[in-house]
Structures are given as structure tokens and as C-alpha cells.
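Engineer: Predicted coordinates and the sequence they were generated for:
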Amino acid sequence: MRGPLGMGVVGAGAIGMRGALSHLSLPDVRDRVRLAAVCDPVPGRAEAAAKKYGVSAFYRSYEELLADPNVDAVTLCTPIGLHYEQGMAAIEAGKHVHFNKTMATKVEEADRLIARAAEKGVRLVASPGMMLFPHNRRIRRLVLQGELGKLVWAVAGVATGDYHLKEEFRVGQGVLANVDPSWYFKKPGGGPQYDVTVYCLHILTGIVGPAKRVSAFSGLVLPEREFRGRKIACEMDDSTLMLLDFGGSFFAFVYGTVVGTVSQGFQPNIYGEKGSVVGTRFNGKELSLPGDRQPHVVGAHSQMAESHVFEDMMQLVDWVLDGVPSIASAEHARHVIDIIESGYRAAETGRTQELRTTFEPLPIEVL
């Protein structure tokens with residue numbers, strides 16, 4: 001296909017504005033991708049977003065956006081619980097799809113998305129493409145080269161706090177600044193596992209490979225939240241602690257909770273018999289180097305929020321225009337979904353769950 005690729009932004013909420021519209025409206029990408037359309041069901045929001053970011057068309061309904069012949073691909077910036085249904089609709093319409101995390105909430109849904117996309121010749125890229133960061137690739141190389149020795153254990157996780165209640169697109173005035181965060185606390189796609197632990201799991205599995213089994217405890221600590229003076233009844237667990245078995249007596253503790261962290265950001269600590277990686281440091285040596293960036297995160301993009309979302313969208317653009325598959329693959333995303341879904345099932349049943357999915361981690365030749 002010849003560029004530029006017409007991108008439809010589905011959802012003009014916080015991630016739609018911060019991750020998609022703000023980046024794709026910059027002039028340096030216009031030869032590759034253009035903002036063809038935006039849709040949002042909130043009255044006036046899509047129109048306001050289109051005016052602010054220079055989008056060609058705006059719609060209230062997703063169906064109208066999919067019917068637009070100028071839309072070649074979509075980025076789903078909607079609540080996670082909608083991604084499967086919306087992804088399938090896009091595939092059926094022949095549109096390429098970038099999924100913001102996660103691409104679905106169940107493995108069987110991911111299976112269907114992958115299978116149907118293959119049948120329709122549609123490309124799928126699934127965030128978060130954490131192995132596009134140079135420091136994660138360096139850590140993967142160290143593991144493959146045996147610099148850590150036999151891997152023994154690892155820890156990774158994150159706490160959400162009240163972040164989503166205080167984002168800049170939620171606490172202001174007007175239709176683009178009062179975005180409701182209630183879905184983050186509802187089933188099926190809410191909670192810290194699908195929202196933020198997903199980053200940790202993509203990094204950990206990207207570095208050490210797929211897991212085999214999971215055990216977990218999970219529960220709801222805060223049954224109620226408050227947003228702009230209104231109470232939100234919480235449904236989804238907000239504190240989940242998982243133990244992953246990677247085989248060979250290598251285990252990892254992975255958490256997503258309300259408060260408290262024992263690791264650095266999304267980065268795992270990985271401990272081996274010969275050495276360890278703590279955050280981005282190997283045996284005390286920093287692996288994140290000055291000038292490190294993801295392939296497309298240059299210029300103004302490097303100073304903007306959610307640049308990793310922009311990168312993942314550009315991975316889809318490259319795949320469609322140039323035929324270059326992305327390592328931010330649906331298969332990797334499916335394995336992470338398997339871990340999260342199986343973790344909830346392990347917590348509910350009290351039984352360790354066997355994971356049924358896998359993926360091909362990066363070989364040393366491409367690192």
C-alpha cells in the first residue's frame with residue numbers, strides 16, 4: 001500500500017488525546033499517516049477533538065467510522081472491555097488494528113482476533129511493545145548470553161494509586177477535559193492487572209520468555225472511589241499478587257495493587273546465580289544509555305506523554321505500508337492475557353493454572 005495511511009482514532013478520551021491525536025497531528029508523520037477520522041459517543045467530544053487536532057472527519061458512532069473509506073486502520077483508545085468486540089468489527093470491515101493494552105480480556109477472544117485477522121489479511125499490532133525499548137533488548141541479550149547465569153527468581157509490578165482520577169483530561173472543564181474514569185474500576189477490563197501490570201508482564205516475558213504456570217491471590221481493597229464529588233462503586237479486584245513458574249525452578253512474583261512497590265517502574269528485577277538486573281542496571285551498570293529511544297520517537301515525540309503508544313501505532317503503519325512485521329505482536333499480547341486471566345482463575349479456585357499459550361521471544365540475532 002502507498003502512504004499515507006488513514007488512521008481512525010476510536011475514542012477521544014485520555015489515551016485517545018494523549019497517545020494518538022496529539023502525536024499523529026504533528027507534521028513530521030504526515031507522509032506516513034494521517035488522521036482520517038475520530039469517533040466518540042459523548043456528545044460533542046469527537047467534533048471538539050477533530051477541531052483541536054485537525055482530524056478530517058468526526059463521528060458519534062464506531063460504525064460510521066468503520067464505514068468511512070478514508071479509514072485504512074484504527075487505533076482502539078476505548079475501555080479495555082470493548083477491545084475484542086471493536087477489534088472484530090474492524091477486522092470484518094477490512095481495517096488494520098492497533099490495540100491499546102490489552103487487546104482482549106480472555107485468551108479465547110485473542111485466539112479469534114488472531115485467526116480472523118489472518119483470514120482477512122488484516123494486520124494487528126498490540127500494545128505495549130516494551131521490547132522496542134533498547135534497554136530491554138540489552139537485558140534480553142545478557143540473559144541469552146548467560147551473563148546472569150542460571151535464572152533463579154524475579155519480581156515485577158506496579159501500584160496504581162489514584163492516578164486515573166487525577167489525569168489532566170479528567171479534572172478540567174469542557175468536553176475534552178472531563179473524561180469519566182469509571183470504567184477503570186468496573187468489570188471486565190478494569191483493575192491494575194489489565195491496565196498497568198500488563199507492561200511489567202510484557203517486559204518480563206519479553207526478556208525471559210513465556211511462562212508455564214501461575215498461582216495467585218486477588219481481592220478488592222477499595223470498594224468505592226470518588227471522582228469529582230461522585231461515588232464510583234468498584235467491581236474489579238484492585239490488588240492481585242501472582243507467582244509465575246517459567247520452568248527450571250525459575251519463578252517470578254508479579255503484582256498489581258493499590259499502593260506499594262518493590263521494583264522500579266515497570267521494569268523487573270531478575271536474579272541469577274552469576275548476576276542480577278535491578279531495574280535497568282546489570283550488576284550496578286546502567287543499561288539505559290543517553291540517546292536511547294524507540295525507532296519512531298524522535299523530535300517532539302520524545303518530549304510528549306505516551307510516546308510508547310505512538311511508537312506502537314507507527315509499528316502498524318510500517319507493517320501496512322512497508323510489509324515489515326512488528327515485534328509488538330498479537331501472539332505476545334495473547335500470552336500476557338493468558339497470564340492475567342489465569343491468575344484471576346487461580347485466585348478464585350485456589351489452584352495453580354497451566355498456561356496454554358506461548359510466543360516466540362526475540363532471538364539473539366535481532367538484538
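Structural biologist: Yep, that arrived.
Engineer: From now on I want contacts and neighbour counts done on CA atoms only, so please keep to that.
Structural biologist: OK.
Engineer: What are the buried residues along stretch 229-243?
Structural biologist: By neighbour count on 16 or more other C-alpha atoms under 10 Å, the buried set for stretch 229-243 is 232, 234, 235, 236, 237, 238, 239, 240, 241, 242, 243.
Engineer: Then stretch 350-360?
Structural biologist: Those buried within stretch 350-360 under the rule 16+ other C-alpha under 10 Å are 352, 353, 354, 355, 357, 358, 359.
Engineer: Tabulate the buried residues of stretch 229-243 in JSON lines, adding columns for distance to residue 4.
Structural biologist: Formatted as JSON lines, the buried residues of stretch 229-243 follow (distance: C-alpha to C-alpha, whole Å):
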{"residue": "232", "distance to residue 4": "42"}
{"residue": "234", "distance to residue 4": "42"}
{"residue": "235", "distance to residue 4": "42"}
{"residue": "236", "distance to residue 4": "40"}
{"residue": "237", "distance to residue 4": "42"}
{"residue": "238", "distance to residue 4": "41"}
{"residue": "239", "distance to residue 4": "43"}
{"residue": "240", "distance to residue 4": "43"}
{"residue": "241", "distance to residue 4": "44"}
{"residue": "242", "distance to residue 4": "43"}
{"residue": "243", "distance to residue 4": "45"}
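Engineer: Next step: those restricted to strands.
Structural biologist: 232, 239, 240, 241, 242, 243 (DSSP state E).
Engineer: on that earlier part again, go through the buried residues of stretch 350-360 and name the one nearest residue 108.
Structural biologist: The closest of the buried residues of stretch 350-360 to residue 108 turns out to be residue 357 (C-alpha to C-alpha; 10.5 Å).
Engineer: Make sure the closest one is indeed in a helix.
Structural biologist: No: assignment of residue 357 by DSSP: H, G, I helix; E, B strand; the rest coil gives coil, placing it outside any helix.
Engineer: Now it: closest residue in space, sequence neighbours ignored.
Structural biologist: residue 335 (5.4 Å; C-alpha to C-alpha, 6 or more residues apart in numbering).
Engineer: Repeat that for residue 96.
Structural biologist: Residue 96 sits nearest to residue 73 (C-alpha to C-alpha, 6+ apart), 4.4 Å away.
Engineer: Now do that neighbour against residue 88, distance only.
Structural biologist: Distance from residue 73 to residue 88, counting by C-alpha to C-alpha, to the nearest Å: 13 Å.
Engineer: Show me which of the two is the more surrounded one.
Structural biologist: Ranked by neighbour count (other C-alpha atoms under 10 Å), residue 73 and residue 88 place residue 73 first, with 29 against 19.
Engineer: what residues are up against that one?
Structural biologist: Taking C-alpha atoms under 8 Å, 6 or more residues apart in numbering, we find residue 73 in contact with 5, 6, 7, 8, 95, 96, 97, 98.
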